[in-house]
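Novice: what's the 3D shape of this:
(2 chains)
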There are 2 protein chains.
Amino acid sequence: MKDHHLPQGYNLRPLEKEDYVKGYLHTLQTLTSVGDISQFQFNEVVDYWKSQPKTYKNLVITNSESEVVAVGSLIVETKMIHGCSKVGHIEDIAVRPDQQGKKLGLYLVRELVKLAKEEDCYKVILDCDPRNEVFYEKCGMHRAGLEMEIRF
Amino acid sequence: MKDHHLPQGYNLRPLEKEDYVKGYLHTLQTLTSVGDISQFQFNEVVDYWKSQPKTYKNLVITNSESEVVAVGSLIVETKMIHGCSKVGHIEDIAVRPDQQGKKLGLYLVRELVKLAKEEDCYKVILDCDPRNEVFYEKCGMHRAGLEMEIRF
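Specialist: Numbers count the residues shown, from 1 in each chain, chains lettered A, B, ... in the order given. The predicted structure is shown next:
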């Protein structure tokens, strides 16, 4: 698979609380409704994630103005099957609309996949809309099954 | 939806370490390869799960001989989207082959869904083989998207 690099001035790093004022929620909103989240609530979620560092891995890409322009998460699940193995779940990938076309999403997903491999996961999975299947194929993934849901 | 009950002498309860000698792994093997897991390794995984009680919820159904005949897990993921919401992931549902036809799987999935609702999840999701779509529809779920994966 071809290696991709971030555009100059762009960086990948773990999510920090300061990302509240750097546009994290605005970028996340590209994906779905986020709601009116205060700095206090944001900090609570980030603190919760950071209290379980083996489970939650949250990355952001910033541009040269230090704005958060892409976000994504990996949830590492410890299982009993396959000799006490682990599975990585990729969740909530979002790229700010004016930043699309720079392959930031591709870069981010590949970094999350690498992270899952480093964490000894035997596989990485994610659920997506059928419209996004081609994008995730570019990330090296393939169709494995159906996602079923109940909404409350 | 019709209410189902467990057959007489059957019980639903959280997973315990003693389930190692009650056939937990044998039942789990119905789903996929489990490997040669020692009591020590089993305890380590159970301890890890119990150290994160807000994330890992593992249930078993026992029969009148106290054997573990069905197993299933719920992983509760804390998200930022939808006003700091939560999503329940149902994982690793298995029913011992000689116990199938008693609707144990249906009962277990519904209990995991109830648990997710009690935990304030806005939805519960799971990934399955297309062959199992009809079963999960009986559990009240419907098709939501595609599961994509990379195996290492």
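Novice: low pLDDT regions in chain A?
Specialist: Scanning chain A for pLDDT under 70 picks out A:1-3.
Novice: so what's the residue nearest the centre of chain A bridging to?
Specialist: Centroid-nearest residue in chain A: residue A:72, 1.7 Å away (criterion: CA atoms, centre = their mean). Beta-bridge partners for residue A:72, by DSSP bridges, are residue A:59.
Novice: in chain A, which spans are helices?
Specialist: Remark: helices assigned in chain A by DSSP state H are A:24-28, A:39-51, A:81-84, A:104-118, A:133-138.
Novice: so which of the ones you listed comes closest to residue A:125?
Specialist: Across the helices of chain A, residue A:125 has its closest neighbour in helix A:104-118 (9.5 Å, CB to CB). For every residue, glycine as well, the C-beta is placed using N, CA and C.
Novice: List the buried residues of the closest one.
Specialist: Applying a neighbour-count criterion of 16 or more other CB atoms under 10 Å in any protein chain shown, one finds A:104-113, A:115-116 buried in helix A:104-118.
Novice: What of stretch A:80-97?
Specialist: Using 16+ other CB under 10 Å as the test for burial, stretch A:80-97 gives A:80-81, A:84-96.
Novice: for residue A:4, what are its contacts?
Specialist: A:103, A:106-107, A:110 (CB atoms under 8 Å, 6 or more residues apart in numbering or on different chains).
Novice: Intersect the residues you listed with the contacts of chain B.
Specialist: When CB under 8 Å from any CB of the partner chain is applied, no member of these is adjacent to chain B.
Novice: hang on, isn't residue A:143 packed against residue A:133?
Specialist: Yes: between residue A:143 and residue A:133 there is a contact under CB atoms under 8 Å: 6.5 Å.
Novice: who are the neighbours in contact with residue A:9?
Specialist: A:63-64.
Novice: For it, give me the backbone phi and psi.
Specialist: Dihedral angles phi and psi of residue A:9 (degrees, to the nearest 10) take the values phi 90, psi -10.
Novice: Would you mind measuring from it to chain B?
Specialist: Distance of residue A:9 to chain B, given as CB to the nearest CB, to the nearest Å: 25 Å.
Novice: ditto for residue A:116
Specialist: Counting by CB to the nearest CB - residue A:116 and chain B are separated by 8 Å.
Novice: Then residue A:68?
Specialist: The gap separating residue A:68 from chain B is 12 Å, by CB to the nearest CB.
Novice: What is the neighbour count of that residue?
Specialist: 25 (other CB atoms under 10 Å in any protein chain shown).
Novice: Residues in contact with stretch A:139-146: which ones?
Specialist: With CB under 8 Å, 6+ apart, stretch A:139-146 has contacts from A:1, A:106, A:109-110, A:113, A:124-126, A:133, B:127-130, B:133, B:143, B:145-150.
Novice: rerun at 6 Å
Specialist: Outside stretch A:139-146, the residues within contact range by CB atoms under 6 Å, 6 or more residues apart in numbering or on different chains are A:1, A:106, A:109, B:127-130, B:133, B:143, B:146-150.
Novice: In PyMOL, how would I select the buried members of the residues you listed?
Specialist: This is how PyMOL selects the buried members of the contacts of stretch A:139-146, with burial counted by 16+ other CB under 10 Å:
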select buried, (chain A and resi 106+109) or (chain B and resi 127+128+133+146+147+148+149+150)
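Novice: Next step: the contacts of stretch A:139-146 restricted to strands.
Specialist: B:127-128, B:143, B:146-150 (DSSP state E).
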